[in-house]
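1. kindly return the folded structure for what I paste below:
(chains A, B, C and D)
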Number of protein chains: 2
Amino acid sequence: MNEKTDLPWDSPRFRNWLAVTRVCHAVERASAAALAPLGLKPAQLDVLMALYRHPGMSQHDLARKLLIGRSNITMLLPQLETRNLVLRSTCKKDKRVLRLCLTGEGESLLMKALDVQAALIEKVMSQSSPGECDMLGDQMRKVADILDIE
Amino acid sequence: MNEKTDLPWDSPRFRNWLAVTRVCHAVERASAAALAPLGLKPAQLDVLMALYRHPGMSQHDLARKLLIGRSNITMLLPQLETRNLVLRSTCKKDKRVLRLCLTGEGESLLMKALDVQAALIEKVMSQSSPGECDMLGDQMRKVADILDIE
DNA sequence: GTCTTTTCGTTCATGATTGAACCATTCCGT
DNA sequence: ACGGAATGGTTCAATCATGAACGAAAAGAC
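-> Predicted coordinates for the structure are as follows:
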């Protein structure tokens, strides 16, 4: 009998994906540290970014886009609202939904945070050629397709 | 004056890295769901994997390898120890350190969990050719170098 | 050898995240 | 128009990760 059981680590896909998650985790932590001086956490930056690109979004759609629970949004928003970074207004068409927008203040803080975040990412990806970088993105979008996340 | 400010989204590196984090997040959640029937959470699987590959590891080294805090390890281990998956024994050379090992039970549960996890990763990476997959891993290892995580 | 400094692990308070239960509003079949 | 199903948002309890402060043990300076 063959004692040499095939361990997942022998699979290139498994091993390489582990590298992805590991690095992702590390970058997340680095991002948290870099953002701290601005009083922002990564999750909050995600919210600001989404609202910048999709003004007037509902909380439900925001949760789906960020792949987190709706209740998480409910917990996340008051912090941003009391800092006057985000504005929440009830939708006249449907009184259930709350439309979310960045305030001017929110937008300008977002820009500062994006500078920080972009610098981190540039540093982190600095050893990837444009071609490699695009291939990376393409692979990730293929994965996103498989998991169907919009 | 030029109103067209350069947004980070215009940078391939920024946009593509966002795809990475997004997908990573999604796979993490899928993994949690897939592992739930085994009563394991992703963080616990990480511990088992590390201990399988580095038997006798200390908690300090385990924390460094997993990129989490030492206190987190302290909180994580009792769950695995009471389930007889992990054995903790004091080191005779240095009475401060605890040496960690998988039990037979821990190892066999790990194997089941690895099957589940490997299946998920195979599915997720199924659209990447071996060449693309290796390039992905290579890029991630370059990033790991930059962030110097062993 | 003694005293100071590190290192390993734990404790604890804090903040984040989750899912289930819930209310109000809207949608839809009849 | 009416009543049940579905949807958007909130609440709440439980779980989890984090970092600072701590005690015990080891290492280093002298």
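
2. hey, let's count contacts and neighbours off CA atoms from now on
-> Will do.

3. now stretch A:24-37: buried residues?
-> Within stretch A:24-37, the residues that qualify as buried are A:24-27, A:30-32, A:34-35, counting by 16 or more other C-alpha atoms under 10 Å in any protein chain shown.

4. likewise for stretch A:116-133?
-> Buried, per 16+ other C-alpha under 10 Å, within stretch A:116-133: A:116-118, A:120-122, A:124-125, A:127-128, A:132-133.

5. from the residues you listed, which single one is nearest residue B:96?
-> The closest of the buried residues of stretch A:116-133 to residue B:96 turns out to be residue A:124 (C-alpha to C-alpha; 36.4 Å).

6. farthest pair in the buried residues of stretch A:116-133?
-> A:116 and A:132 (23.2 Å).

7. coming back round to it: mind putting the buried residues of stretch A:24-37 in TSV, pLDDT, distance to residue A:17 and secondary structure included?
-> Below are the buried residues of stretch A:24-37 laid out as TSV (pLDDT from 0 to 100; distance: C-alpha to C-alpha, whole Å; DSSP: H, G, I helix; E, B strand; the rest coil):
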residue	pLDDT	distance to residue A:17	secondary structure
A:24	97	10	helix
A:25	97	12	helix
A:26	97	14	helix
A:27	97	15	helix
A:30	96	20	helix
A:31	97	21	helix
A:32	97	23	helix
A:34	96	25	helix
A:35	97	27	helix
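
8. retrieve the pLDDT associated with the residue nearest the centre of chain A.
-> The centre of chain A sits closest to residue A:46, judged by C-alpha atoms, centre = their mean, with a distance of 4.8 Å. At residue A:46, the predicted lDDT confidence score is 98.

9. which residue ranges of chain A form helices?
-> A:12-35, A:42-53, A:59-66, A:70-82, A:104-124, A:130-146 (DSSP state H).

10. looking at those helices, which is closest to residue B:41?
-> Nearest of those (C-alpha to C-alpha): helix A:12-35, 15.1 Å.

11. export that closest one to PDB, keeping only CA atoms.
-> C-alpha atoms of helix A:12-35 as PDB (Å, rounded to 0.1, in the frame of the first residue of the first chain):
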ATOM      1  CA  PRO A  12      -0.300  24.200  -6.700                       C
ATOM      2  CA  ARG A  13      -3.800  25.700  -6.400                       C
ATOM      3  CA  PHE A  14      -4.000  25.000  -2.700                       C
ATOM      4  CA  ARG A  15      -0.500  26.200  -1.900                       C
ATOM      5  CA  ASN A  16      -0.900  29.300  -4.000                       C
ATOM      6  CA  TRP A  17      -4.200  30.200  -2.700                       C
ATOM      7  CA  LEU A  18      -2.900  30.000   0.800                       C
ATOM      8  CA  ALA A  19      -0.300  32.600  -0.200                       C
ATOM      9  CA  VAL A  20      -3.200  34.800  -1.300                       C
ATOM     10  CA  THR A  21      -5.100  34.600   1.900                       C
ATOM     11  CA  ARG A  22      -2.000  35.100   4.000                       C
ATOM     12  CA  VAL A  23      -0.900  38.200   2.200                       C
ATOM     13  CA  CYS A  24      -4.400  39.500   2.200                       C
ATOM     14  CA  HIS A  25      -4.500  39.200   5.900                       C
ATOM     15  CA  ALA A  26      -1.200  41.000   6.200                       C
ATOM     16  CA  VAL A  27      -2.200  43.800   4.000                       C
ATOM     17  CA  GLU A  28      -5.400  44.300   5.800                       C
ATOM     18  CA  ARG A  29      -3.500  44.700   9.000                       C
ATOM     19  CA  ALA A  30      -1.100  47.100   7.400                       C
ATOM     20  CA  SER A  31      -4.000  49.100   6.000                       C
ATOM     21  CA  ALA A  32      -5.600  49.300   9.500                       C
ATOM     22  CA  ALA A  33      -2.300  50.700  10.900                       C
ATOM     23  CA  ALA A  34      -1.900  53.200   8.000                       C
ATOM     24  CA  LEU A  35      -5.500  54.400   8.300                       C
END
